[in-house]
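Asks: take a look and give me a structure for this.
(2 chains)
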Amino acid sequence: MHEMSLVASLLDIARQEMRSRSAAKILRLRVRYGALANIVPDAFLLAFEIMTRDQDLAGARLDLVEEPLLLACGGCGREFSPAPLPTALFASCPLCGEEIGHRILAGKGLFLDRLELA
Amino acid sequence: MEIPVVRNLLEANDILARRLKERFAAGQILALNLISSPGAGKTALLERTLTDLREEFTMAVIEGDLQTDNDARRVAATGARVVQINTGGGCHLDGAMILEALNTLALDRVDILFIENVGNLVCPVEFDCGEDHKIALLSVPEGDDKPEKYPLLFHLAALLLVNKTDLLPYVEFSLDRAARLAKQLNAALPVLPLSCKTGEGLNAWYDWLRAAREAKRAT
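Replies: Numbering: from 1, shown residues only, chains lettered A, B, ... in the order given. Next up, the predicted model:
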């Protein structure tokens, strides 16, 4: 729902990186989003397309990669990635079966993690 | 030329949130970010709290809404300091809006600052407003499966309030189920059922506030 504001900060960061590396153009960007980051990829891509049209970043390509959820079991601490269901946070631990109190190790961040410059 | 970078897209907001935290820490102000669906009773909860604890604490409120200052007027009627933010369609409050609100909201001698977020269980969770705690407010007509549907809020919240318990006889809502689902996400989450209409359960909420305020003063 807030994809426009996230794309605005993505573009700010990308332009900073471009300037600090004295590049002329950004060809490609990769954004890694957590399975829990509440991102709608189509809305994110659409916002990116609209906000870069006729701008210095026109033609830059955006790749979105989902970062799977990684949990540490609330019972035994075993790390596991549950199937990507809405109820993934309640998944039973493959080792001990515990369903309660899992800690989220990965899967809620939102990062620009790769840039291709020219 | 391909370069690996790791830049958090929310970094601008996180920087502002840190600045807010410093400001709240300097004034020993307990800042609480109140998050719920529209109509769950955030403003009603504040009206009761600001009235009942008026003699005990100095309290201030930042009201977030898409449009209107209806809620700010309700809160101001209790005598509390209040500032309204209209997001003009934006689905959440963020650090920049809170900093701007603080330009017109005097925080001297304030013990507790309530941030009443835009009614929405998704977006407000992503944007740190510098608060000490997020408080999730659920109301019984919404259904008891909200923690399953919006897990991140319940995972990050420090307290779950379940409002409108006076309607329990009329709606399909199991307090046990809501509490169990929420605790699956956050084992230490306290769950307090209450009714802003009848006043039932409010004392436990006030005790939670007193303890959180005391903990903030001690830091």
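
Asks: tell me how far the residue of chain A most remote from its centre lies from chain B.
Replies: Within chain A, A:Cys96 marks the point farthest from the mean C-alpha position, 30.0 Å out by Cα atoms, centre = their mean. For A:Cys96, the distance to chain B equals 15 Å [Cβ to the nearest Cβ, to the nearest Å]. (Each C-beta comes from the backbone N, C-alpha and C, glycine too.)

Asks: on the three-state scheme, the closest residue to chain A within chain B is what?
Replies: For chain B and chain A, the shortest gap (Cβ to the nearest Cβ) falls at B:Ala187, measuring 3.6 Å. Counting by DSSP: H, G, I helix; E, B strand; the rest coil, the backbone at B:Ala187 sits in coil.

Asks: which element is the closest residue in space to it that isn't next to it in sequence on?
Replies: In this structure, B:Ala187 finds its nearest non-sequential neighbour in A:Gly101, 3.6 Å apart by Cβ to Cβ, 6 or more residues apart in numbering or on different chains. Using DSSP states H and E, A:Gly101 maps to neither a helix nor a strand.

Asks: about what we covered before: is it fair to say the residue farthest from the centre of chain A lies in a helix?
Replies: No - under three-state DSSP, A:Cys96 sits outside any helix and is assigned coil.

Asks: what helix or strand does the nearest residue to it once chain neighbours are set aside sit in?
Replies: Using Cβ to Cβ, 6+ apart and skipping the chain neighbours, the partner closest in space to A:Cys96 is A:Cys76 (4.4 Å). Using DSSP H and E, A:Cys76 maps to neither a helix nor a strand.

Asks: isn't A:Cys76 up against A:Glu98?
Replies: Yes - with contact defined as Cβ atoms under 8 Å, A:Cys76 and A:Glu98 form a contacting pair (6.7 Å).

Asks: what about those two, which has more around it?
Replies: A:Glu98 (17 against 11; other Cβ atoms under 10 Å in any protein chain shown).

Asks: what's in contact with stretch B:58-76?
Replies: B:43, B:46-47, B:49-50, B:53, B:80-90, B:92-93, B:97-98, B:101, B:105-107, B:109-118 (Cβ atoms under 8 Å, 6 or more residues apart in numbering or on different chains).

Asks: that stretch: end-to-end distance?
Replies: End-to-end distance of stretch B:58-76 (Cα to Cα, to the nearest Å): 13 Å.

Asks: mind listing what A:Pro82 touches?
Replies: Contacts for A:Pro82 (Cβ under 8 Å, 6+ apart) come out as A:Leu69, A:Leu71, A:Ala88, A:Leu89, A:Ala91.

Asks: next one, pLDDT for it please.
Replies: Per-residue pLDDT puts A:Pro82 at 93.

Asks: bridging residues for the residue most central in space within chain B?
Replies: In chain B, the C-alpha nearest the mean C-alpha coordinate belongs to B:Leu34, at 1.0 Å (Cα atoms, centre = their mean). The partner list for B:Leu34 in beta bridges (DSSP bridges) reads B:Glu116, B:Ile135.

Asks: do you know how far it is from B:Lys149?
Replies: For B:Leu34, the distance to B:Lys149 (Cβ to Cβ, to the nearest Å) stands at 19 Å.

Asks: next: A:Pro41.
Replies: 20 Å.

Asks: B:Ile29 reaches B:Ile112, doesn't it?
Replies: Yes - using Cβ under 8 Å, B:Ile29 is in contact with B:Ile112, at 7.1 Å.

Asks: how about the residues of chain B by chain A?
Replies: Neighbours of chain A within chain B, by Cβ under 8 Å from any Cβ of the partner chain: B:1-13, B:90-92, B:94, B:120, B:122-123, B:125-127, B:148-149, B:151-152, B:155, B:181, B:183-187.

Asks: strands - which of the residues you listed land there?
Replies: Residues of the residues of chain B next to chain A located in strands (DSSP state E): B:Glu2, B:Ile3, B:Pro4, B:Val5, B:Val6, B:Arg7, B:Asn8.

Asks: buried ones among those?
Replies: B:Val5, B:Arg7 (16 or more other Cβ atoms under 10 Å in any protein chain shown).

Asks: stretch B:54-69: how far from the chain's middle?
Replies: 11 Å (Cα atoms, centre = their mean, to the nearest Å).

Asks: sorry, back to before: residues touching the residue nearest to B:Ala187, list them.
Replies: A:Gly74, A:Gly75, B:Lys183, B:Gln184, B:Asn186, B:Ala187 are the contacts of A:Gly101 under Cβ under 8 Å, 6+ apart.
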